[in-house]
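Student: The sequence and its predicted three-dimensional model are supplied below.
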Amino acid sequence: MAGAGQTPFGRSRGSIGSLADEAAETALERANVGDVDAVVIGSMSPMGTIGEAHISSKIMDHLGLTPRPAIRVEAGPATGAAALHVAFWAVSSGQHETVLVLAAEKLSHLEPREASGILSRIATPEERALGLTMPGMTALMARASMARHGATDEDLADLAVKAHRNARSNPNAHRRKALSREDVLADHMVAEPLRRYNCAPLADGAGARVLTSKDRGPVRISGIGAATDRLRYADRRVMDGFPANSAAASKALRMAKIKTGDIHLLETHDAFSNLEWSNPEDLGLLGSGQGLDAMKRGETDLGGRLPINPSGGLTSKGHPVGATGLGQAAEVFWQLAGEAKGHQVDAAVGMAHSIGGFGASVFVTVLEMA
């Protein structure tokens, strides 16, 4: 991985093409590898969000990258990570020498009800008919986990406080103000026990990465893994976690030829705060029930044993859906390259973890200092 670029996540007046252009320019300048052979583009739902189809060709035309081949990838909110995996295989197979990965999404122009309606299509028709939403299903998971491990609403609020504390020093983050536990608990409920600050804000944004076999960049992808699960929550064998997390992480670690203890940093998909407890446990980085205790002991803070989401994570950095996964990989890249100004941690090996839908598809990427 020779270069990474990203726009700030939040509200933007720019088009999806201009967002992609900004991220690509930064990544290509950082990579300094010359021309690219192909482009992989991630965007979750351009037909629904901006009313546009064939978005890959439109972005290629906007960026002036024709006639290079381009392909669009979609995997729900894990779209950016899926695009990165497709580009990885394109380079590692020898088909292409240098590939630009782009992911972009525009959401802020939509009314909240309209945006929620588009994103709710991730769930099954049966679940939607029952009124189940992503916040609602995650709230059920949160209550099951909290009951099992003795977590309180105050503990859940502390996750949001930590996320916002990390995001304050991240210039690309959507929410950058300091929060107290009282601020979180006083805010309105979205789906009990999840309050507004426990939920990721929908955002506009774009990310870009340059993958190449030309030379040794500062960071390399050493392992990738992906997995799926039953789509309906009611059909799952586990109620307080995502089994696909474990399956995907095992594949990535096996490919990287390392163990869970070798991971120094995790950027995990915390579209809702409680996932910062359960995801690391599912991934094997923490033991069952250790997510809560690790947070209380400060082990997941910037200076802790396993920093989780130094960027602020989705709940504070923001969630431009299709671009989120590339944003996570960018954060790990900058951390390993020593370029995460203001929120740098000490790490030589990191993991980026993205979830599509309600744990229905998972992508895990292991990155190491080259």
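Tutor: Now that the structure is in, tell me what you want to look at.
Student: For the closest residue to residue 133 other than its chain neighbours, which three-state class applies?
Tutor: The spatially closest residue to residue 133, leaving aside those adjacent along the chain, is residue 120, at 5.8 Å (C-beta to C-beta, 6 or more residues apart in numbering). Placement of C-beta: from N, CA and C, glycine included. Classification of residue 120 by DSSP: H, G, I helix; E, B strand; the rest coil places it in helix.
Student: list the contacts for residue 120?
Tutor: Going by C-beta atoms under 8 Å, 6 or more residues apart in numbering, residue 120 touches 128, 133, 134.
Student: how about the CA coordinates for the helix or strand containing the first one, as CSV?
Tutor: Assigned by DSSP states H and E, residue 128 belongs to helix 125-129. As requested, the backbone C-alpha atoms of helix 125-129 are provided in CSV (Å, rounded to 0.1, in the frame of the first residue of the first chain):
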residue,chain,number,x,y,z
PRO,A,125,-38.1,-7.7,3.8
GLU,A,126,-39.4,-9.7,6.7
GLU,A,127,-37.4,-7.8,9.2
ARG,A,128,-38.4,-4.4,7.7
ALA,A,129,-42.1,-5.5,7.8
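Student: which other helices and strands contact the next helix or strand after it?
Tutor: Next helix or strand after helix 125-129 toward the C-terminus (DSSP H and E): helix 134-149. Applying 3 or more C-beta pairs under 8 Å, 6 or more residues apart in numbering; DSSP states H and E, we find helix 134-149 packed against helix 153-167, strand 189-191, strand 194-195, helix 275-282.
Student: looking at these, which is buried most?
Tutor: helix 275-282 (a mean of 27; mean count of other C-beta atoms under 10 Å).
Student: Dump it to PDB, restricted to CA.
Tutor: Extracted C-alpha coordinates of helix 275-282, given in PDB (Å, rounded to 0.1, in the frame of the first residue of the first chain):
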ATOM      1  CA  LEU A 275     -19.800  -3.200  18.900                       C
ATOM      2  CA  GLU A 276     -16.500  -1.900  20.300                       C
ATOM      3  CA  TRP A 277     -17.000  -4.500  23.000                       C
ATOM      4  CA  SER A 278     -18.200  -7.500  21.000                       C
ATOM      5  CA  ASN A 279     -16.200  -7.100  17.800                       C
ATOM      6  CA  PRO A 280     -12.700  -7.500  19.300                       C
ATOM      7  CA  GLU A 281     -14.000 -10.500  21.200                       C
ATOM      8  CA  ASP A 282     -15.400 -12.000  18.000                       C
END
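Student: looking only at pLDDT, what's the mean for the helix or strand that that helix is followed by?
Tutor: Per DSSP H and E, the first helix or strand lying C-terminal to helix 275-282 is helix 290-296. Helix 290-296 carries an average pLDDT of 95.
Student: what comes up buried for helix 290-296?
Tutor: For helix 290-296, a neighbour-count test (16 or more other C-beta atoms under 10 Å) marks 290, 291, 292, 294, 295 as buried.
Student: Next up, the contacts around the first one.
Tutor: Spelled out, that is residue 290. Applying C-beta under 8 Å, 6+ apart to residue 290 gives the contacts 280, 281.
Student: now do 6 Å
Tutor: Contact criterion C-beta atoms under 6 Å, 6 or more residues apart in numbering gives no residues in contact with residue 290.
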